[in-house]
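Undergrad: Any chance you can model this:
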Amino acid sequence: MTHYNADFVSHLLPDLVAACDAAAVHNVRAGHGGPFGASLSVYHRDTGALVPVVGPVCNAVLETGLAGAHAEDQVLQPACLRALRDALQMIGRDHAIVVLASSGESCPACYSKIEIVARALIADGVIEPGAFVLAYGASYDDTRTVAGFNDEPYHADMAGPLENRMIPCVRGDEELPVPARVVMPDGVAYDGADARTAQGTPLFTPEIQAIYTACRAQKKSGMDEPWNLRRAVLYTTAPMIGPLMYAESQWANIGRIVQCDGPQTAAEAPDVSNDALFAVVAARPYNKAGTAVHVVRVTPFANLAQHEWARLSDAGQVAHYNGIEA
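TA: Numbering: from 1, shown residues only. Predicted coordinates for the structure are as follows:
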């Protein structure tokens, strides 16, 4: 990655990540969600100017009832992506670098979303390949040690062999009339349609829509943990399991993914199969060939929000949710 100067790495990225951390402290104290913040900006690589697009905003799992409503997810909502495209049009493809700053290392679900958005922007010709940077502060190990959230097993699960996955992925005999469906333990079903074109985001796949519809129904009914789908079954007509549907299933506590015949939709990202995208998201270390996102870890990092979460956790004022426990 050679598009930016030394000041970009030594000052601008640390400042952006620190601002996300500060916002997350307020988020924790307000009871809206976990100790994580994110922002989205566009950097002009020639002038060094920074155009803020959105944020810092924070984890909104408690507020929304959605297991995947992490800070990175919140800065990639449709309105945010429209604002991002406006900023990119203003700066121009040859000069723009997208910067997503996060106080913590992205879980596989968020990393999937970031990769998908970056690939969509590249495919649409609004940024150059390599012009999407993800900067973070706390590592998985930091987050586990300080705040008690443990995302590493989710990544290890995705990096391991298919037959050993936490969520069995099997072939079913069912003919599904819709692209995706979540069936709860009590038999209630929630369907998902492909809303990517209608909503102007590459992230609203049928599987995500089905999962979120089920979570919202549980929130509306007053359940304490609406994000927990209690080992529900996700049915999909996708011929290959993508990293986004799988990682969101981890967080939503999906018990099984069943691939069925029925109406098929496009892969999760343009110009790449779901299998290939899955391998990209699971690969470590970061920045291997084939990735659309350049990842930078910011050190040193104060990690104020996670320490505040730990303090409130010791006082019994907050509680953890880690989706499927590895």
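Undergrad: how close does Val280 get to Tyr286?
TA: Val280 sits 10 Å away from Tyr286, taking Cβ to Cβ, to the nearest Å as the criterion. Where C-beta positions appear, they are placed from N, C-alpha and C, glycine not excepted.
Undergrad: Compare those two (neighbour count), which wins?
TA: More crowded of Val280 and Tyr286, by other Cβ atoms under 10 Å: Val280, with 20 against 14.
Undergrad: where does the more buried one fall, helix, sheet strand or coil?
TA: Using DSSP: H, G, I helix; E, B strand; the rest coil as the criterion, the local structure at Val280 reads helix.
Undergrad: so which helix or strand takes in Val170?
TA: Per DSSP states H and E: Val170 is located in strand 169-175.
Undergrad: Give the pairing partners of that strand; include direction for each.
TA: Using DSSP bridges, the strands paired with strand 169-175 are strand 254-261 (parallel).
Undergrad: Need the contact partners of the partner strand.
TA: 167-176, 182, 211, 229, 231-239, 241, 245-246, 249, 324 (Cβ atoms under 8 Å, 6 or more residues apart in numbering).
Undergrad: just the buried members of those?
TA: Buried by 16 or more other Cβ atoms under 10 Å: 167, 169, 176, 182, 211, 229, 232-238, 241, 245-246, 249, 324, out of the contacts of strand 254-261.
Undergrad: list the buried ones in stretch 266-286?
TA: 267-269, 272, 274, 277-283.
Undergrad: Just flag the most distant two among the residues you listed.
TA: Farthest-apart pair in those is Ala267 and Ala283; separation 17.9 Å (Cβ to Cβ).
Undergrad: Glu152 versus Cys110, what's the distance?
TA: Counting by Cβ to Cβ, the gap from Cys110 to Glu152 is 14 Å.
Undergrad: So between those two, which is more surrounded?
TA: Cys110 (29 against 16).
Undergrad: Assign a three-state SS to the nearest residue to that one once chain neighbours are set aside, would you?
TA: Spatial nearest neighbour of Cys110, excluding adjacent residues (Cβ to Cβ, 6 or more residues apart in numbering): Glu72 at 3.9 Å. Classification of Glu72 by three-state DSSP places it in helix.
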